[in-house]
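# what's the 3D shape of this:
(2 chains)
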Amino acid sequence: MIPRYASYRDPRSHLIATKDRVVRRFDDSGASAFRSAAESGVLTGLVEDGLIAPYEIVSIEPLEVAAELIPFASYPNEWTAGMLRDAGLATLSVARRLWKSGFHLRDASAYNIVFDGAKPVFVDLGSVGAGHTPSWSAYGQFCDHFLNPLLIATQLDVPTKEILGLEGVSASVTSNLLYSFHRFGRGVLTNVKMRDRLEQKHESDTLEQRASVRRDLRLPPGAIDALMAKMERTLKRMTFGRDSHWVAYDGGNTYTNDQEEVRDAAIRRFAAASEPRAFAIDIGANTGRHSHILSESFSTVVSIDSDPAAVEAHRERLIETHRGSGVFPMVGDLANPTPAQGFMNEERASLIDRIANSDAAIWMAVIHHLSISRAIPLSGLAELAARLAPRHLVEFVGPEDPMAQLLSAGVNGEHHPYSVEVFENAFREHFAVEQVGQSQEHRTIFELRRKL
Amino acid sequence: MFIFGYIDAGTGSMILQGIIAGAAGVAALLRFRWASIKGFFNRSSDEEPSVVE
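Numbers count the residues shown, from 1 in each chain, chains lettered A, B, ... in the order given. Next up, the predicted model:
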């Protein structure tokens, strides 16, 4: 049997448990690198600065290291460009700190970063390697996982979720996508154009030629740190962002203050009935107003929105107000959730698998989008809801509502049956449905409890 | 023998690092030279006493 949970690739260590704590078991060579890094104090420093999660050695022979489980992991193709950049900067910080202490980071996969709320944390303790390498061995992977998708995002205004796969984006794809004038963009000429050329040129190298480069190329440690520092500057100077309709929506939507208060109060009442350490999802979270209310009662709130600009605004607000942990903003679309990826489709779990069996979910004015614009029958949404959580709060936007009419006009009125009655009947298959509020003339708030 | 680890570092990517590091080295050298040239021409003014007693 192969080691499970996304950790089979590294031959030197793998995860043996991911239930309440994450436990990693090392082989001898992995163990000796980890031990000397732990003894040197560099790991303690990284823990203190929040770059790696606090860990504990739970077995000496074989070496097993446990760390607290971050309750939810979004994946790089569910991040905004800002999140990808911050994850890249966190990776570089870890790599440079290890390097200064005489160690190296063996890889630079974006999947080694997990966002604990708004804050990137490096989680792969097995990536610590002993000594210095003669070149930055993870340079190519760093480019594929961070720099290339960020360049495509910034230069072409393509959301990272549209282009990111499990292995990032290769130099050749990035080079083909970028126009020739982009070569003047910071980092493009060397890291993309030249790298693509050189990779192609050496693709057909013989074993002898490969070995000779690996034997003869010796960069001084200072030069390798300078390469990483240069990459850090390149990422820090990136700017992105396009105004989003939905970010503006948060400030100037159709709700009056009183109507907003009706929604907030309904959510507050709904959340108050939760268990401690409960896990909630906010579907169509926009910039996080309702997630914040949920977070007062739920220890974990996953805030899903399909608009990267809204997610980024949410995350920036979390950072500004230092309300980092417990709320997990991510880019996601329940009409087309992130599929399972990797070997045997088991390396990375699907979004549905990661949020199924939550304790509660809220759907504030989002079902009309999924049903009318995305053509999902209300019975399908009821089935999804039953899989996700036993309790739901739903603000249902009736067909007479101007926004629902607008969406309906977009599809020439050709959509699945859509009305309060159809909604109630569909959800009564799985839930007890109770009306708990009215936020606007055609917007009704329902609380749902799953039937046993 | 150095161990590069389980990810393929890519021959082209490795050679590129040599080139970038080399270019950075040349740039650092030029900066150093430029500083020493500027220092040479600035020397006369630097030598003037800054405080007259």
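
# quick check: the residue of the stretch 301-450 of chain A found nearest chain B vs A:Ser299, distance?
Using C-beta to the nearest C-beta, A:Phe343 is the residue of the stretch 301-450 of chain A that sits closest to chain B, at 14.5 Å. Where you see a C-beta, it was placed from the backbone N, CA and C, and this is true even at glycine. As judged by C-beta to C-beta, to the nearest Å, A:Phe343 and A:Ser299 stand 32 Å apart.

# ok, those two, which is more surrounded?
Neighbours per residue, other C-beta atoms under 10 Å in any protein chain shown: of A:Phe343 and A:Ser299, the larger number sits with A:Ser299, 16 against 12.

# who's in contact with the nearest residue to A:Leu177 once chain neighbours are set aside?
For A:Leu177, ignoring the flanking residues on the chain, the nearest one in space by C-beta to C-beta, 6 or more residues apart in numbering or on different chains is A:Ile152 at 5.8 Å. Contact partners of A:Ile152, counting by C-beta atoms under 8 Å, 6 or more residues apart in numbering or on different chains, are A:158, A:160, A:163, A:169, A:174, A:177-178.

# also A:Phe270?
A:360, A:362, A:391, A:393, A:436, A:447.

# and what about it, helix, strand or coil?
Judged by DSSP: H, G, I helix; E, B strand; the rest coil, the three-state class of A:Phe270 is helix.

# do you know the pLDDT at it?
Note for A:Phe270: predicted pLDDT of 97.

# now the residue in chain B that chain A sits nearest to: which helix or strand?
Ranked by C-beta to the nearest C-beta, the top residue of chain B for proximity to chain A is B:Gly12, at 3.2 Å. According to DSSP states H and E, B:Gly12 maps onto helix B:11-47.

# that helix: which residues count as buried?
B:11-18, B:20-21 (16 or more other C-beta atoms under 10 Å in any protein chain shown).

# before we move on, what about stretch A:58-65?
A:63-65.

# and it, end to end?
One end of stretch A:58-65 to the other measures 6 Å (C-alpha to C-alpha, to the nearest Å).

# so for that stretch, mean pLDDT?
For stretch A:58-65, the mean pLDDT works out to 95.

# kindly report the same for stretch A:319-330.
Mean per-residue pLDDT for stretch A:319-330: 85.

# over to stretch A:135-144?
95.

# do that stretch and chain B meet?
Yes. Stretch A:135-144 reaches chain B (C-beta under 8 Å from any C-beta of the partner chain) through A:135-141, A:143.

# returning to what we had before: tell me which two of the contacts of A:Phe270 sit farthest apart.
Using C-beta to C-beta, the contacts of A:Phe270 span at most 13.8 Å, a distance reached by A:Ala360 and A:Val436.

# who's more crowded, these two?
Each of A:Ala360 and A:Val436 has its neighbours counted (other C-beta under 10 Å); A:Ala360 has more, 25 against 14.

# is it true that that one touches A:Val394?
No. In this structure, A:Ala360 is not within contact of A:Val394 by C-beta atoms under 8 Å, at 11.5 Å.

# near chain A, which residues of chain B?
Within chain B, the residues that sit near chain A (C-beta under 8 Å from any C-beta) are B:2-21, B:24-25.

# how about a cut-off of 7 Å?
Proximity of chain B to chain A (C-beta under 7 Å from any C-beta of the partner chain) is limited to residues B:2, B:4-7, B:9-18, B:20-21, B:24.

# before we move on, the earlier item: and the contacts of A:Ile152, which of them are in strands?
Judged by DSSP state E, strands contain none of these.
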